[in-house]
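J.: sequence unavailable; structure follows:
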C-alpha cells in the first residue's frame, strides 16, 4: 500500500492500522514503528523552540489575565465597602442633624 501525505495526517488517519514507515515522502506499511517515532522526535526538536515560545507566551498571557481579574475583583470589593461605609456615615450624620433640628 503506497500513499503520500503529511506525516502528522498520516499518523492520525492511520492510527488504527498497522505501523507505517516513511521514506522520501512515500508511505509504506511496515512493522518498523521506530522509524516513525524517531522522525517525530526529530520534527519535535525542529519545532521545539517555536512551540515552547508559543506555550510560554500563552501561559504568560493567561497568567496576566488571571492576575488582572483578581486585582480588579479585590479593588471593586474594597471600593464597594468604602462606598457603603461612606453612605452609612452620611446617613448617621443626617439623622443626627435632623435630631438636633427637632430639639
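T.: Everything's here; your move. All of these numbers come straight from a predicted model, not from anything done at the bench. Numbering: from 1, shown residues only.
J.: low pLDDT regions in this protein?
T.: Where the chain drops to pLDDT under 70, the residues are 1-36, 44, 46-47, 103.
J.: quick one, helices of it?
T.: 7-13, 34-102 (DSSP state H).
J.: tell me the most buried of those?
T.: Ranked by mean neighbour count, these are led by helix 7-13 with a mean of 13 (mean count of other CB atoms under 10 Å). No exception for glycine: its C-beta is placed from N, CA and C like everyone else's.
J.: what comes into contact with stretch 72-82?
T.: Where contact means CB atoms under 8 Å, 6 or more residues apart in numbering, no residue beyond stretch 72-82 reaches it.
J.: any idea how far residue 60 is from residue 70?
T.: 16 Å (CB to CB, to the nearest Å).
J.: no no, residue 75
T.: Taken as CB to CB, the span from residue 75 to residue 60 is 22 Å.
J.: swap in residue 66?
T.: 11 Å.
J.: same check, this time on residue 54
T.: Plainly put, residue 54 is 11 Å away from residue 60 if you go by CB to CB.
J.: now residue 81
T.: With CB to CB as the criterion, residue 81 and residue 60 are 32 Å apart.
J.: now residue 93
T.: Relative to residue 60, and taking CB to CB, residue 93 is found at 49 Å.
J.: do residue 94 as well
T.: 50 Å.
J.: now residue 74
T.: According to CB to CB, residue 74 stands 21 Å off from residue 60.
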